[in-house]
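Colleague: Let me see the structure of the following:
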Amino acid sequence: MGDYLIRSTAFDGKVRAYAIESTDTVGEATRRQDTYATASAALGRTLTVSAMMGAMLKGEDQITVKVEGGGPIGGIIADANAHGDVRAYLTNPHVDFDLNNNGKLDVARAVGTSGTLSVVKDVGLKDYFTGEVPMATGEISEDFTYYFANSEQVPSAVGAGVLVNPDLSIKAAGGFIIQMMPGADDETISKIEENINSLPSISTLIDQGHTPEQILEKLLHGGEIKILSNTPVQFKCRCSRERLENALKGLGDDELQKMIDEDHGAEATCHFCNEQYHFTEDELRALLAEA
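Modeller: Predicted coordinates:
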């Protein structure tokens, strides 16, 4: 079965929870970005959480996440929607370090902690919703936990993990978001905290073969779980030749003519999927005529 995420409630609706397996999706994103191990973990964690945040949307709403921690990998940008489509890229994919003191990939060092985490939601209105918080740790999961608590005022626990094989392929990736709804009592919160602290890392659980449902059963042990939806997840880029043609026409007549006279054509590469689009002189002349 391919990647998917589930959306659920528990403890009589006092808790909202999401869990995802994203191994193939992260693998596709890191392959297209040609990332080294530490960069893969940072990109994969961001993509995984962004996919779950996309599941919080409705209809054709979209979300864009920007992780700009000031570290050597530069910025990470991820887009997601309510249909399980997600894509992501980072500025410097060839970043890797020795393992940190805990024997794990040193994501915090790669991401940095001197910048911000921002979330932009396009919910079909004239103005976008934008939330921004300082980077808390650079570990991604903790930064999203801080974001939910401070920007959206929703107490949350966020976990995301990526295991990278020696050949830089993705061995396992997944995550969870657990959120306390109004009415959640201290006993419920303490029980969930106890469950989280007793479990191995989320990527280890995925690697051991646990499904998102089984992961939530462990995280929400003690409360009856109600599954609300099951959504396939995949890397999907929105770029197309038509979009690039419109972008070229938007440059104006002078710029198009310059490309024809000086460059004898044009080439564009999508940041997210690294797909290349080539335009000949004749194709640019046709665009110039349309413009």
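Colleague: Give the partner strands of the longest strand along the chain in its sheet and their orientations.
Modeller: Secondary structure of the chain per DSSP state E: the longest strand is strand 170-180. Here strand 170-180 is paired, per DSSP bridges, with strand 15-21 (antiparallel), strand 156-164 (antiparallel).
Colleague: can you pull the buried residues of that strand?
Modeller: Within strand 170-180, the residues scored as buried using 16 or more other CB atoms under 10 Å are I170, A172, A173, G174, G175, F176, I177, I178, Q179, M180. All C-beta spots, glycine's among them, are computed from the backbone N, C-alpha and C.
Colleague: The fourth one: what's it in contact with?
Modeller: By that I understand G174. By CB atoms under 8 Å, 6 or more residues apart in numbering, the contact set of G174 is 19-23, 48, 160-161, 202-203, 205-206, 212, 215.
Colleague: Distance of G75 relative to R31?
Modeller: With distances taken as CB to CB, to the nearest Å, G75 is found 20 Å from R31.
Colleague: does T188 really touch K14, like I thought?
Modeller: Yes. T188 is in contact with K14 according to CB atoms under 8 Å; the separation is 5.8 Å.
Colleague: Give the burial count for T35, as a bare number.
Modeller: Neighbour count for T35, taken as other CB atoms under 10 Å: 27.
Colleague: so it, which of the three states?
Modeller: With DSSP: H, G, I helix; E, B strand; the rest coil as the basis, T35 sits in coil.
Colleague: i'd like the first residue to be 29 from this point on
Modeller: In the new count, where the first residue is 29, that last one comes out as T63.
Colleague: In space, what's closest to it - neighbours in sequence excluded?
Modeller: Excluding the flanking residues, the one nearest T63 by CB to CB, 6 or more residues apart in numbering is P121, at 4.2 Å.
Colleague: Neighbours of the one you found, how many?
Modeller: Neighbour tally, P121, other CB under 10 Å: 19.
Colleague: How about K246?
Modeller: Using other CB under 10 Å: K246 sits among 16 other residues.
Colleague: mind listing the helices for this structure?
Modeller: 51-61, 65-82, 135-139, 169-179, 214-226, 230-235, 240-247, 269-277, 281-286, 309-318 (DSSP state H).
Colleague: I'd like the distance between the closest residue to C298 other than its chain neighbours and R73.
Modeller: Of all residues not flanking C298 in the chain, C267 sits nearest, at 4.1 Å (CB to CB, 6+ apart). Look at C267 and R73: by CB to CB, they are 23 Å apart.
Colleague: More neighbours: which of the two?
Modeller: Regarding C267 and R73, a neighbour count based on other CB under 10 Å identifies R73 as having more, with 31 against 18.
Colleague: In contact with that one, which residues are there?
Modeller: Counting by CB under 8 Å, 6+ apart, R73 makes contact with V135, E167, I168, S169, A188, G189, V190, G203.
Colleague: Please tell me I have it right and the residue nearest to T63 contacts R60.
Modeller: No. With contact defined as CB under 8 Å, P121 does not count as touching R60 (9.6 Å).
Colleague: looking at this structure, which residue lies furthest from center?
Modeller: Note on the chain: the largest C-alpha distance from the chain mean falls to D289, namely 40.7 Å (CA atoms, centre = their mean).
Colleague: ok, now how distant is it from L85?
Modeller: With distances taken as CB to CB, D289 is found 45 Å from L85.
Colleague: For the closest residue to L284 other than its chain neighbours, report the pLDDT, please.
Modeller: Counting by CB to CB, 6+ apart, L284 lies nearest to L316, which is 4.6 Å off, once chain neighbours are set aside. Per-residue confidence (pLDDT) for L316: 85.
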